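Visitor: got a sequence here, can you build the structure:
(chains A and B)
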Amino acid sequence: MSAAILSLAEAIERYVADGASVALEGFTHLIPFAAGHEIIRQRKRELHLIRMTPDLVYDQMIGMGCARKLTFSWGGNPGVGSLHRLRDAVEHGWPRPLELDEHSHAGMAAAFCAGAAQLPFGMLRGYIGTDLPAHNPNIRRVECPFTGEMLAAVPAINPDVTILHAQRADRAGNVAIDGIVGAAREAALAAKTLVVTVEELVDALPPAMNGIVLPHWVVGAVVPCRGGAYPSYAHGHYARDNAFYQRWDAIARERGSFLAWMEEHVLGTRDHHAFLARLQQEAA
Amino acid sequence: MSACTRDEWMTVAAARLLRDRSVCFVGIGLPSAACNLARLTHAPEIVLIYESGTIGTRPQVLPLSIGDGELAETAACVVPLPEVFSYYLQAGRIDVGFLGAAQIDRHGNLNSTVIGPYGAPKTRLPGAGGAPEIALHARQVFVMARATKRSFVERLDFRTSAGYLDGHGARARLGAAGGGPRAVITDFGMLAPHPQSEELQLVALFADASVEEARAAVGWPLGVADRIDTIAAPTALELDTLRALNARTREAHARPVRIPL
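Guide: Residues are numbered from 1 along each chain as shown, chains lettered A, B, ... in the order given. I've put the predicted structure just below:
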């Protein structure tokens, strides 16, 4: 079975249902911004968003009212400060209340690993001396049957859909990723359906060696989408736009400026190409 | 020495604590500056690990995010994130973990989660990230935080990461493998845990700071060690290296990126 090759609009329409649990992964690198924007354009609602670092992409989706719940482990604008839309949702319930399922990075990595292995829970030597378990019933203790040691346990994460961005795929749907990979492989294999947007579709992938390859039979759909990680980055293709991450702080700080920006740049553009063209026009 | 800011002095003081060849788990901000300053001065063989999976990285400019491309391009290797946390950190292969926080208490416990009640926070902070397990497993933890009565507090609003809990061996009894916060570098100097009570006390001051200034900045009655060391001002080499690093970094972060059309 080969993966379907779809347009982004088709893939989101087909695989992201209202109410679904959705993981857009990629740790700082290869964040699938184009897919997040398309979910906003299609006005998906009641989503359970899952991501270690919500980043700007979930700040935008939360602020546009797509999310009912967030599973995460660090919710800031890296090196800049707060995610103002995430904060507004948690502090003031705007535009709607957001349920939190909050972890540490180590806990969430263990939950993704368990999900990929189709085990019921992940475990780690962690969450000791922290208040997180008191506020999250998904963090429990389990006894090692061999040594009696008490370990932390977290339920496996198995998203309805995981969406990644990758450098390339071949026409059968094999996907290759290099550079910083975060928990992308685990999130991909944990998903019921995997959708991958890619910088380029090629006839044959380069030899992978120790790079990550997601084989075609675990990939539901491949979506050609140049620039699909911008303002995050795709190693070997374009750099992270750190200046944009810094500018986002002022854009997202107030509801009005946020909505105006989203209206003009995301809802007001047909697709990711038009979004990038709008930004380039402004930069010129 | 030319005049320097307290941030610069803090960064230099933290860098001096790092031994060559030690393995450091690095966070963004002042810790990243301190670790790279150490690498560029007295500790050329220091191994820097960022949680994004870059091991042995030697960035020319400081990363804005924990996963900038610069970190991958200059790394000895890049591994998946679950490996960093389970095979390196949890397995006890990290010498030094660096943490910051919005609040710290007298036993070095840290809050980076919320100000106010968890269910209805006054200020929602970014949250835990790697901190709870770094705090648990690194052989020693260094904390960098600017001191005010709002940040150095009698009682945390939320305990994100364990320091010495309530002190007097409570941390070890709970089974934490690492040594806990051995040093807190702040704007007037340095605090370290008392050997028995494990309460943070003043152990060193910057050459131009005073005990009174330290006490005024801390929200609990600050204990003072029998002997207080003086942290020498940054040398010209340290300051020039740090400023050049920061200048390269500012220039790189502001550089326009080609939009990938």
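Visitor: now do the strands in the stretch 151-284 of chain A.
Guide: Applying DSSP state E, counting those that start in this stretch to the stretch 151-284 of chain A gives strands spanning A:161-170, A:175-177, A:193-202, A:212-214, A:221-224.
Visitor: most tightly packed of these?
Guide: Counting by mean count of other CB atoms under 10 Å in any protein chain shown, strand A:161-170 has the highest mean neighbour count of the strands of the stretch 151-284 of chain A, with a mean of 27. For the C-beta atoms, the positions are set from N, CA and C on the backbone; glycine is no exception.
Visitor: OK, contacts around the residue lying closest to residue A:258 once chain neighbours are set aside?
Guide: Distance criterion CB to CB, 6 or more residues apart in numbering or on different chains; nearest residue to residue A:258, sequence neighbours excluded, is residue A:252 at 4.9 Å. By CB atoms under 8 Å, 6 or more residues apart in numbering or on different chains, residue A:252 lies in contact with A:56, A:59, A:63, A:83, A:84, A:85, A:258, A:261.
Visitor: picking that back up, with distance to chain B added, can I get the strands of the stretch 151-284 of chain A in JSON lines?
Guide: Below are these laid out as JSON lines (distance: least, CB to the nearest CB, whole Å):
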{"stretch": "strand A:161-170", "distance to chain B": "11"}
{"stretch": "strand A:175-177", "distance to chain B": "10"}
{"stretch": "strand A:193-202", "distance to chain B": "8"}
{"stretch": "strand A:212-214", "distance to chain B": "8"}
{"stretch": "strand A:221-224", "distance to chain B": "13"}
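Visitor: and those, which one is worst for confidence?
Guide: When the strands of the stretch 151-284 of chain A are compared on mean pLDDT, strand A:212-214 scores lowest, with a mean of 89.
Visitor: how far does that one sit from the chain's center?
Guide: Relative to the centre of its chain, strand A:212-214 is centred 17 Å away, using CA atoms, centre = their mean, to the nearest Å.
Visitor: distance of residue A:205 from residue A:195?
Guide: 18 Å (CB to CB, to the nearest Å).
Visitor: so what's residue 25 up against?
Guide: Picking chain A for this. Residue A:25 touches A:32, A:51, A:52, A:162, A:163, A:164, A:182, A:183, A:184, A:187, A:188, counting by CB under 8 Å, 6+ apart.
Visitor: hmm, no, I was thinking of chain B.
Guide: For residue B:25, the contact set (CB under 8 Å, 6+ apart) comprises B:49, B:50, B:51, B:89, B:94, B:96, B:97, B:98, B:130, B:134, B:138.
Visitor: mind checking which helix or strand it is in?
Guide: Secondary structure from DSSP states H and E places residue B:25 in strand B:23-26.
Visitor: centre of the chain versus that strand, how much separation?
Guide: 10 Å.
Visitor: using PDB, write down the CA coordinates of that strand.
Guide: Extracted C-alpha coordinates of strand B:23-26, given in PDB (Å, rounded to 0.1, in the frame of the first residue of the first chain):
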ATOM      1  CA  VAL B  23      29.000  17.400  30.300                       C
ATOM      2  CA  CYS B  24      26.400  20.200  30.500                       C
ATOM      3  CA  PHE B  25      22.700  20.100  29.800                       C
ATOM      4  CA  VAL B  26      22.100  23.700  28.600                       C
END
